[in-house]
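*Asks:* Can you look at this prediction? I've put the sequence above it.
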Amino acid sequence: GDSVTQMEGPVTLSEEAFLTINCTYTATGYPSLFWYVQYPGEGLQLLLKATKADDKGSNKGFEATYRKETTSFHLEKGSVQVSDSAVYFCALSDRGATNKLIFGTGTLLAVQP
Amino acid sequence: NAGVMQNPRHLVRRRGQEARLRCSPMKGHSHVYWYRQLPEEGLKFMVYLQKENIIDESGMPKERFSAEFPKEGPSILRIQQVVRGDSAAYFCASLDRGETQYFGPGTRLLVL
């Protein structure tokens, strides 16, 4: 079945460092891809999404490009801030009858001042 | 426009009791998903409902768990005779006309 694999954390960076969180997927069809962020004690917030190959999603300085050839959707940010500390989830939508989301296990990002 | 609302935010139950979790979708959304997040894990799909219909319950445990989304009122996730392994965060999400799901703040269930 469909699945999402993302790099394990925690990822610890200094403020203003470059961030990459890897995400790869396995899907039989052509899924939509998402990054969600979860701050401590809160629900998930949509960070960005891409719906087809070569699309780039972007928001708040974060970017991810839908790479069909490598089945990847890596999250990047050029300069992280302490306020970016959170858990980041990569997910795909099966785009079938249900559009249910399949999540990776999450990556904890800790940014130190 | 209010977001997805869930209550209670925290729920403590003793083994064998029942837990009822409520979810009100965003205004205008008629599709609701429930997900469970076990400690240190990602979210797992449980069930997908439209008003008065269960569309996909492939992620629901076969026993003790049920869900409904009545014509009026919130969606309810019901767990009967809770066990310690049910301790988790339960999130609901509602779907807009596209395919973006918007999540509520979650209910954190603790079974003693």
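*Replies:* Received it, and whenever you're ready, just let me know what you need.

*Asks:* interface residues of chain A facing chain B?
*Replies:* Contact residues (CB under 8 Å from any CB of the partner chain) of chain A with chain B: A:32, A:34, A:36, A:42-46, A:49, A:51, A:89, A:93, A:95, A:97-106. For glycine as for every other residue, the C-beta is placed from the backbone atoms N, C-alpha and C.

*Asks:* So which of the residues you listed sit within strands?
*Replies:* Under the assignment DSSP state E, the residues of chain A next to chain B contribute A:S32, A:F34, A:Y36, A:L44, A:Q45, A:L46, A:K49, A:F89, A:S93, A:L101, A:I102, A:F103 to strands.

*Asks:* List buried residues within those residues.
*Replies:* A:S32, A:F34, A:Y36, A:L44, A:L46, A:K49, A:F89, A:S93, A:L101, A:I102, A:F103 (16 or more other CB atoms under 10 Å in any protein chain shown).

*Asks:* Could you list the low-confidence segments of chain A?
*Replies:* A:95, A:97 (pLDDT under 70).

*Asks:* can you pull the contacts of the closest residue to A:L33 other than its chain neighbours?
*Replies:* Spatial nearest neighbour of A:L33, excluding adjacent residues (CB to CB, 6 or more residues apart in numbering or on different chains): A:F73 at 4.3 Å. A:F73 is in contact with A:C23, A:T24, A:Y25, A:L33, A:W35, A:A50, A:A64, A:T65, A:Y66, A:R67, A:C90, counting by CB atoms under 8 Å, 6 or more residues apart in numbering or on different chains.

*Asks:* For chain B, which segments are assigned as strands?
*Replies:* B:5-7, B:10-13, B:19-24, B:31-37, B:43-50, B:53-56, B:65-68, B:75-79, B:88-95, B:101-103, B:107-111.

*Asks:* Dump these into JSON lines; add distance to A:Q112 as well.
*Replies:* Converted to JSON lines, the strands of chain B look like this (distance: least, CB to CB, whole Å):
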{"stretch": "strand B:5-7", "distance to A:Q112": "32"}
{"stretch": "strand B:10-13", "distance to A:Q112": "30"}
{"stretch": "strand B:19-24", "distance to A:Q112": "36"}
{"stretch": "strand B:31-37", "distance to A:Q112": "26"}
{"stretch": "strand B:43-50", "distance to A:Q112": "27"}
{"stretch": "strand B:53-56", "distance to A:Q112": "42"}
{"stretch": "strand B:65-68", "distance to A:Q112": "41"}
{"stretch": "strand B:75-79", "distance to A:Q112": "38"}
{"stretch": "strand B:88-95", "distance to A:Q112": "26"}
{"stretch": "strand B:101-103", "distance to A:Q112": "28"}
{"stretch": "strand B:107-111", "distance to A:Q112": "27"}
